[in-house]
Every structure is written in C-alpha cells, then in structure tokens.
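In: here is a sequence with its predicted model. Questions after.
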2 protein chains.
Amino acid sequence: MAVGLGMPGRLLPVDGLRLGVAPAGIRYRERNDLLIIAAEEGTCGAAVFTRNAFCAAPVQLARKHLAMFAPRYLLVNAGNANAGTGDAGMAAARETCHILAERAGCAPEAVLPFSTGVIGEPLPVEKFPEGIACALDDLRADGWLDAARTIMTTDTLPKACSRQTTISGRKVTLTGIAKGSGMIHPNMATLLVFVGTDAGLSQTLLDRALRKAVDGSFNSITVDGDTSTNDACILLATGKSGLLIEDETSQDYATFAGLLADLCRELAQAVVRDGEGATKFVTIEIDTAYSVEEARQVAFAVAHSPLVKTALFASDPNWGRILAAVGRSGLVDLDAGRVDLEINGVRIATAGGRDPGYTEAQGQEALAQADLLIRIALARGTAKTRVWTTDLSHEYVRINADYRS
Amino acid sequence: MAVGLGMPGRLLPVDGLRLGVAPAGIRYRERNDLLIIAAEEGTCGAAVFTRNAFCAAPVQLARKHLAMFAPRYLLVNAGNANAGTGDAGMAAARETCHILAERAGCAPEAVLPFSTGVIGEPLPVEKFPEGIACALDDLRADGWLDAARTIMTTDTLPKACSRQTTISGRKVTLTGIAKGSGMIHPNMATLLVFVGTDAGLSQTLLDRALRKAVDGSFNSITVDGDTSTNDACILLATGKSGLLIEDETSQDYATFAGLLADLCRELAQAVVRDGEGATKFVTIEIDTAYSVEEARQVAFAVAHSPLVKTALFASDPNWGRILAAVGRSGLVDLDAGRVDLEINGVRIATAGGRDPGYTEAQGQEALAQADLLIRIALARGTAKTRVWTTDLSHEYVRINADYRS
C-alpha cells in the first residue's frame, strides 16, 4: 500500500565499499537475509542509535565497537532482532562478529553488528558461519539494490537512493539504503539506514553532518510514535574520491552536508510512504513558531493524534481535530485566536476559527489527494519545521493486531 | 461495545439540587438534549476545566462566571460544542445564560454553561428559550438518571453513581454523572462530569478535594491521548446535610475526600469501559518508580502506544512491545535490565528479559480476559500509580473515520 513510492532509481557504487548478501535461513526461507558491507582500510564511520532504554544487544555492541575501532565490516541480519535476549543475546552478537572477523582477517571490534526482526527469540548463531562465507563471496561494488532487498522485513519495497556532485573538483558520490515501515513496530521492524560516501571527512565533521541530516529526516518522521529497540543509522566515508573536508565553515562541508541531508530526507520519506497501512503521505509544516523545539512539539502532537490520523484516512477535512491537537500540544501561552491552518493550499482556519471564505467542498477536494501538506501558522515568532507522517487505517490495525498469528 | 459496564445502580438525590431535562432539538430529534441543574442558594462550586488552548466559548464563560458568583444553575446542551466559533460563539453562550437567568430570576453570572457536540457549527440559540422553559418545569430531585442520558453523545450507556456515608453524625450523600467515550474525540465527545453533594466545605477545601479526585480519576484515564476542547468537571456542595468541613487535617475532610475520589474513579472507569471501540479494559500499574511523575510518564507511554493497544486488541501477549514502550518513555538512566512485567498475575518478564518460567500459553490465557492488569516494576524507588485505558480496535478506526459521514 506504499503511497507514491516506486522502485529505487539508479544506484551508484561508492569507491571503497562492497556489498554481499546471502540466504542464511535465520528466519525466512528462500530469500536473502544476511548482508555484509565491507569498507576498505581508512574508512571512517559515524552512527546514530536508538534512544530506547531497551536497546538490543547488537546496538550496544555496535556502539562500543565504533568507539574503539575504525569500522571494516557491517554485518546485518533480518528476521531476528536479538533484543530482549539478555546476556545470551550479547554473547550471540559477539560470536557473530568473531566469526566474520576470523574469516575476513580483521579485529572483531572492526565489525559492527545490526539485527532486525522478532524480539525475545534467541539469535540462531549456528546459521552465521555459512551465511557469512556466502555473503563474503558475493561482495561487489554494485550490490546496493540487493542489499536494500536483503534487510527488508514488513517493507513492501526496497528503499535506496544516490546523489553525486562535484566538490572542489572531485566527483563525490553518496548512496544509501534504508529499511523500516515507519520506525514503528518494535516486534519486527526497526529502522536501519546505511549510507556510504567516497568523500573524506574528519571524525568531528562526519559525526556532525550525520546528526544534522538525521534530525531533519529520520528524527522528523513518525508513523505511530513508537521507537524501535534496534534503530540505527550508519554513515561510512571512504575518502576514495580524494576529497578531504576538515573545515566546518568551508563551502565544501556545506555542500556535502546539504547533499547528505537531502539523501537522508528522501530515504526517510520513502520509509513513511511505505508505512504500515498508509494511504496518505502527510507533510506537517509548522511556521511562525517561537522556536524549532516548539514547532516540533506541535507538529508531533498533530502527527500522533489518532483522531487527526483517522480523519485523514477518511479524507475528511475535520479541521476541529487538527486545531484541538495544536491546542493540547502543551505550548505555554498559545493564543489560539491567532492560529491559521491550510491544507494543500486551501485556507481552512484563520485566527483560530473557520476562515470566512472556506467551504466544505474545498476541504474535501484538498483531502482527496494522497499527498497532503498541512500548514499551521502559530504567529509567535519566525521558527519553522516540517515532519512527515501517515494516516491511521484499518490496515494498520490489521497488520499490527495480526502480526504474530 | 462497553467492556463490563451495565446500567447505573440506584442514584440518590442530593438535598439542595434538582435536575430537569428537555428535548430542545439542538441537533438530535426525539431525545432530550438540554439539561438544567438547579442549586439552592448557599451552594458552593468547584471546577476543573480542559487545558486545551482551543477551549470552547462555554468553557471560558463558565470559568469566568464561577470566579465571580456562587453557581445557581448549570445549563448543559448536547449536540453542539460551541467550539471554534469565535466571537459569535461567545455571544451565543452569553445569550443562553441570559435566557435562563431571566426566567429563573438570578444573575446571568450565576449560570454556568456547558456544551458538547460538533465543533465549528453555530450554536442554535433560538432553540434555547423553549428548551430552557421546558427543563425548568421538569426540575426534580430524582432527575439524575435522566440527566445522565440527556448529556450522552456517542456514549452507549449512561454513566452515574452515588455514595453515602455518615460523617460526624451527619448522613452525607454524593451523586455524580459523566459523559464521554474517553475524552477522546474533540469533534463530538468531550468529557463532562457533574457531581453534587449535600456536604458543606470551605471553598479552599472544595477546590482541593476536587483537584485531588480528578488527578486520580479523570486525569488518569486515556483512550487515545486526545483532550477535548470542552472537558469540564464540576462539583456542587449544597451544605444541606448540616455538615461543614473547614479543617484540612480533620478526619471529616479525609473521609469526604476519599469518598469523592472513589466516586470519581468509578465514573472515570465507566468512561473508559464505554470507550470507542473498546474490547478490553486495561489497568496499567507502575510501581517501584522514583516518583509519581515518572510512574505516570511510563504508564501513559504504554497506554498511548498503538502497538501495545493493537496487541491487546488481538489478545496477543506481545511483551516486547510493552517493554519497548517503557524503554522509549524518556526516563533518565532507566536500567532496562531491572524491569519486571506481569499481566493478570502471570510473570512475563524478569530483569528486562523473558521470565525463565514463562510460557506463551500462560500469556495467551491471561490476555484472553476482557479486564487486564498490566503491572510494571521499575526498581527505582517506592512511588506508584495506576492509569486506565482501552485497546485499539478496528471499531475505533471505523467510528473515527466514519464519524462525520
């Protein structure tokens, strides 16, 4: 039921990175479920992980390894999250890193493990030796699309994209893949994102560029407000393009960071468009807020409201529900009498009440679209933000109520 | 679809209060939709109103009137919320108070207006003169059940109860009514609660007792996290029992406040049991928290999680979703490895992982019940709390997506 999402466009190889996949039989039959991304020596890594206190063993281990070593291999499995598995789960995650490190001839700490799938079931470590051998044999520079397919769980389409530009005379490439039906179902979902580039950046700038890109993309989407135990977003920079960026105030950094942010936004929106049961792709834009923080607070109050989401599913221009969500978002001293609301260019509410020129027919025409832009002006300042979400459909309840049966 | 909720038991008259209803035709046909509660002179009132910034005209006016005058009449209509109606809505609310005040011979400020129903439509003031005359003619001490029926919108059952006890030799009665399918749909719902007692209390103690009772009842329930523009809870104390409570440290106050809290809890739970599309009545108990605030933070994170709610609807003991909701609730330094989880007495998780003795069959048996008690121990302190909620069903989506059509 993906909303306006097709197969990925052409994916560009990233010099210094190779990808291999294998059908390890961890949970699925007759499909690839194990991915290895191999990075040449000298590659730098940056990562953003879930803030969920119940974070999975592989998340804990990947964070630890990344702090100790430059990453050489990412090891990803679909079908089992290795979460809620206690000490045995940590031992299993360690063991998989050792298996790969031994075959590849690197330190175990140079391997970063990632898992997505069912919570609370033991990871079948015995499936890994053969799977890893097979995926290593498969390593190739053009493996991005297969990689995107391999990490899918309830995703209906692979999600991947590339960007290329010239920075200071060097051709620079970024390619990324993502999986997740909306960072929404901790049982068998998880948002995983792997982005590679042949640009070189200092560790500080790599971290900074990734964090900023994630704030404006994966941290600005929601399907249902639930955050997985396994979410992770990794950026690998090989430096093979010959470009090295070390100055935060340089035009090179601005260009690279902008490109990365743009790529992450496309991947994040693809995750929302493939959200569980989604029939609408909804952009919520808050402007004239006092601060970006309060703009986000209002945007997420609207994005998480089941009443707003069910009205959007019904294509019902039920503006009272949107204003009520703004009203309960917790802003101090919000003057409801100054709030304006517009959907797909149709002015619905002005100064907190129905706009004099608004007709129900206009609202129905606007809401009939699959892509909706809800603009809310707070008249409190100059800050603005955008977040992306979906509606709440019968299909969402069906998917999540029937999931384990 | 109310979960374990029947018709109210016997409702006791409250000396000093009379209730009258009428079919004013504000929106509904062939049913009563206008309620007047008349209080004898000397009655004190206390109230708690919605914190939604988009609060309706009647809420603003009732708050203002209560601050100026002792209340003599509550004027309640169902079918139109008079919210999102701007200056005309305020003028309409004022006009209805004037009509009643003129007929009843009191100051307009002694009338408190309340409305529930559709947002954004003009209140048909022209229906009020005849409706008010008719409801005044109907005033009687035993009108509580009819009153509870009159204020219903999408409620499937009237909600009302009584308490009686002897305090310092005086027989004291409390009777209350409530409407709302879960303080959940700002379009045509709203939580309205009217409680009367023949006890007498100082204004300070009346306010305090009501606020405390609301915290442990109506502020501890949620169906979907949305708060109406029109929510209000009013307590009228006539003093006719001869009991006057003025000392907060007295046993009399403790007894009265306990009885009021108990009555409000029963009404609040009835609202949840009649929640839209509810098939489960769920008590979430958090204990060994560091503070009541953090206990509530965790409880509401679980109660609002669509993934938890859809799993409960499916009677699926999907404990990973519950722990994931605890993990993302935002507690600082939560040690996930110390959290325990129990449902209806079945220990499911111990120290953050599956309990060694737990079997899926036990979990399925527990989840098959319509009344569920989810206990989560955080091992961080001695504070505890309880909140009440429902599951998220197909019926919820149907009701809220189809509402205006």
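Out: Nice, thanks for sending it over.
In: drop to CA atoms for contacts and neighbour counts, all remaining ones
Out: Noted.
In: quick one: the helices in the stretch 1-150 of chain A, in order.
Out: A:57-68, A:86-104, A:128-137, A:144-150 (DSSP state H, counting those that start in this stretch).
In: list the buried ones in the last one?
Out: It stands for helix A:144-150. Buried residues in helix A:144-150, defined by neighbour count with 16 or more other Cα atoms under 10 Å in any protein chain shown: A:144-150.
In: identify each buried residue in the helix or strand just after that helix, please.
Out: For helix A:144-150, the succeeding helix or strand toward the C-terminus, using DSSP states H and E, is strand A:159-167. Neighbour counts over strand A:159-167 (16+ other Cα under 10 Å) mark A:159-163, A:167 as buried.
In: could you do stretch A:349-361 as well?
Out: A:349-355.
In: just stretch A:4-13 next, same as before
Out: Within stretch A:4-13, judged by 16+ other Cα under 10 Å, the buried ones are A:5, A:8, A:11-13.
In: in JSON lines, list those along with pLDDT and distance to A:Ala57.
Out: Listed next are those as JSON lines, based on pLDDT from 0 to 100; distance: Cα to Cα, whole Å:
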{"residue": "A:Leu5", "pLDDT": "91", "distance to A:Ala57": "33"}
{"residue": "A:Pro8", "pLDDT": "95", "distance to A:Ala57": "31"}
{"residue": "A:Leu11", "pLDDT": "97", "distance to A:Ala57": "31"}
{"residue": "A:Leu12", "pLDDT": "97", "distance to A:Ala57": "32"}
{"residue": "A:Pro13", "pLDDT": "98", "distance to A:Ala57": "31"}
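In: from those, which single one is nearest A:Thr310?
Out: Closest approach between these and A:Thr310, by Cα to Cα: A:Leu5, at 21.6 Å.
In: separation between the closest one and A:Ala278?
Out: From A:Leu5 across to A:Ala278, the span is 11 Å (Cα to Cα, to the nearest Å).
In: repeat for A:Leu123
Out: Using Cα to Cα, we find A:Leu123 at a distance of 31 Å from A:Ala278.
In: specify the beta-bridge partners of the closest residue to A:Ile37 other than its chain neighbours.
Out: Nearest non-adjacent residue to A:Ile37, counting by Cα to Cα, 6 or more residues apart in numbering or on different chains: A:Leu19, 4.5 Å away. Taking DSSP bridges, one finds A:Ile37, A:Arg140 as the beta-bridge partners of A:Leu19.
In: A:Leu19 and A:Asp137 touch, don't they?
Out: No. Using Cα atoms under 8 Å, A:Leu19 makes no contact with A:Asp137, being 9.9 Å away.
In: the more surrounded of the two?
Out: A:Leu19 (25 against 13; other Cα atoms under 10 Å in any protein chain shown).
In: I'd like to know how far that one sits from chain B.
Out: 31 Å (Cα to the nearest Cα, to the nearest Å).
In: just the helices from the stretch 151-300 of chain A, written as ranges.
Out: Using DSSP H, counting those that start in this stretch, helices in the stretch 151-300 of chain A cover A:203-215, A:251-273, A:292-304.
In: I'd like the ones you listed as TSV, with distance to chain B appended.
Out: Formatted as TSV, the helices of the stretch 151-300 of chain A follow (distance: least, Cα to the nearest Cα, whole Å):
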stretch	distance to chain B
helix A:203-215	17
helix A:251-273	16
helix A:292-304	9
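In: can you redo those as TSV with mean pLDDT?
Out: Shown next, in TSV, are these (pLDDT from 0 to 100):
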stretch	mean pLDDT
helix A:203-215	94
helix A:251-273	95
helix A:292-304	93
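In: which among these is found nearest to B:Ala311?
Out: Of these, nearest to B:Ala311 by Cα to Cα is helix A:292-304, at 18.3 Å.
In: other residues contacting that closest one?
Out: A:222-225, A:284-287, A:289, A:308-309, A:322, A:325-326, A:328-331, A:383-390 (Cα atoms under 8 Å, 6 or more residues apart in numbering or on different chains).
In: report the angle between it and helix B:292-304.
Out: Angle of helix A:292-304 versus helix B:292-304, following axes from the mean of the first three to the mean of the last three Cα atoms, to 10 degrees, is 40 degrees.
In: which regions of chain A lie under the pLDDT threshold?
Out: By pLDDT under 70, the weakly predicted segments of chain A are A:1, A:181-189, A:223-228, A:402-405.
In: care to break it down by domain?
Out: As given by automatic domain parsing, the domain ranges for chain A are A:17-273, A:281-402.
In: reformat the ones you listed as TSV; add distance to B:Val48.
Out: Shown next, in TSV, are the domains of chain A (distance: least, Cα to Cα, whole Å):
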stretch	distance to B:Val48
domain A:17-273	29
domain A:281-402	16
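In: out of the ones you listed, flag the one nearest B:Asn80.
Out: Nearest to B:Asn80, of these and by Cα to Cα, is domain A:281-402 at 12.7 Å.
In: does stretch A:149-169 reach chain B?
Out: No. Contact of stretch A:149-169 with chain B (Cα under 8 Å from any Cα of the partner chain) is absent, the minimum separation being 14.7 Å.
In: can you measure across that stretch, start residue to end residue?
Out: End to end - Cα to Cα - stretch A:149-169 spans 34 Å.
In: what does the host helix or strand of A:Glu342 rub up against?
Out: If you go by DSSP H and E, A:Glu342 is part of strand A:340-343. For strand A:340-343, the external contacting residues (Cα under 8 Å, 6+ apart) are A:347-352, A:363, A:366-367, A:372-378.
In: top of those by neighbour count?
Out: Neighbour max across these (other Cα under 10 Å) = A:Leu378, 27 neighbours.
In: surely that residue is in contact with A:Thr288?
Out: Yes. Using Cα under 8 Å, A:Leu378 is in contact with A:Thr288, at 5.4 Å.
In: convert the C-alpha atoms of stretch A:93-108 to PDB, please.
Out: C-alpha atoms of stretch A:93-108 as PDB (Å, rounded to 0.1, in the frame of the first residue of the first chain):
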ATOM      1  CA  ALA A  93      26.100 -10.800  18.900                       C
ATOM      2  CA  ARG A  94      29.800 -11.000  20.000                       C
ATOM      3  CA  GLU A  95      30.100 -14.500  18.500                       C
ATOM      4  CA  THR A  96      28.800 -13.400  15.000                       C
ATOM      5  CA  CYS A  97      31.400 -10.600  15.000                       C
ATOM      6  CA  HIS A  98      34.100 -13.100  15.800                       C
ATOM      7  CA  ILE A  99      33.000 -15.400  13.000                       C
ATOM      8  CA  LEU A 100      33.200 -12.600  10.400                       C
ATOM      9  CA  ALA A 101      36.500 -11.200  11.800                       C
ATOM     10  CA  GLU A 102      38.200 -14.600  11.700                       C
ATOM     11  CA  ARG A 103      37.200 -15.200   8.100                       C
ATOM     12  CA  ALA A 104      38.000 -11.600   7.000                       C
ATOM     13  CA  GLY A 105      41.200 -11.300   8.900                       C
ATOM     14  CA  CYS A 106      40.300  -8.200  11.000                       C
ATOM     15  CA  ALA A 107      39.800  -7.400  14.700                       C
ATOM     16  CA  PRO A 108      36.300  -8.400  16.000                       C
END
